[in-house]
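Asks: how would this look folded up:
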Amino acid sequence: MITLAPLSAAELPELVELAARDNHPVCLPTHTFKKDGRIVGYYSIAACTHAWIDTKNVGSIDTFKYVFPAGRNVMRALGHKIHWHLCGEDSNLEPYMERLGYDRVGKSIVFSQKL
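Replies: The predicted structure follows:
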């Protein structure tokens with residue numbers, strides 16, 4: 001049987017390693033699939049941030065000084081333990097994300113479906 005349970009922060013490094021071995025990125029994991037007590041996958045049922053900030057009126061310093069902390073505060077207030085932020089490869093912010101403490105978890109294509 002395969003079970004689904006909330007992901008703990010302690011399980012995240014193992015999950016990332018296991019997914020990488022299977023050539024799979026990890027994006028916004030919130031729950032793990034386990035079989036016989038071992039992690040065999042994950043599910044993302046998560047809130048994350050994605051932003052547009054006017055590049056002519058707001059600079060990178062203001063973005064990282066005000067916008068990102070506001071997003072982290074909202075995530076904390078909602079009870080989240082990790083701030084997931086979607087950042088396009090063509091974003092002016094992308095080169096700075098890792099230097100500011102964000103972990104690169106891999107590339108993903110985002111799909112949507114109306115419910």
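Asks: all helices of the chain, in order?
Replies: Under the criterion DSSP state H, the chain contains helices at 12-21, 60-62, 68-77.
Asks: what would these look like in a markdown table with distance to F111, mean pLDDT and mean neighbour count?
Replies: Heads up, the C-betas are built off the backbone N, CA and C, glycines and all. Shown next, in a markdown table, are those (distance: least, C-beta to C-beta, whole Å; pLDDT from 0 to 100; neighbours: other C-beta atoms under 10 Å):
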| stretch | distance to F111 | mean pLDDT | mean neighbour count |
| --- | --- | --- | --- |
| helix 12-21 | 19 | 93 | 14 |
| helix 60-62 | 29 | 85 | 11 |
| helix 68-77 | 23 | 88 | 14 |
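Asks: could you export these as CSV, including distance to K114?
Replies: As requested, the helices of the chain are exported to CSV (distance: least, C-beta to C-beta, whole Å):
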stretch, distance to K114
helix 12-21, 28
helix 60-62, 35
helix 68-77, 25
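Asks: so which of those comes closest to R38?
Replies: Across the helices of the chain, R38 has its closest neighbour in helix 12-21 (8.7 Å, C-beta to C-beta).
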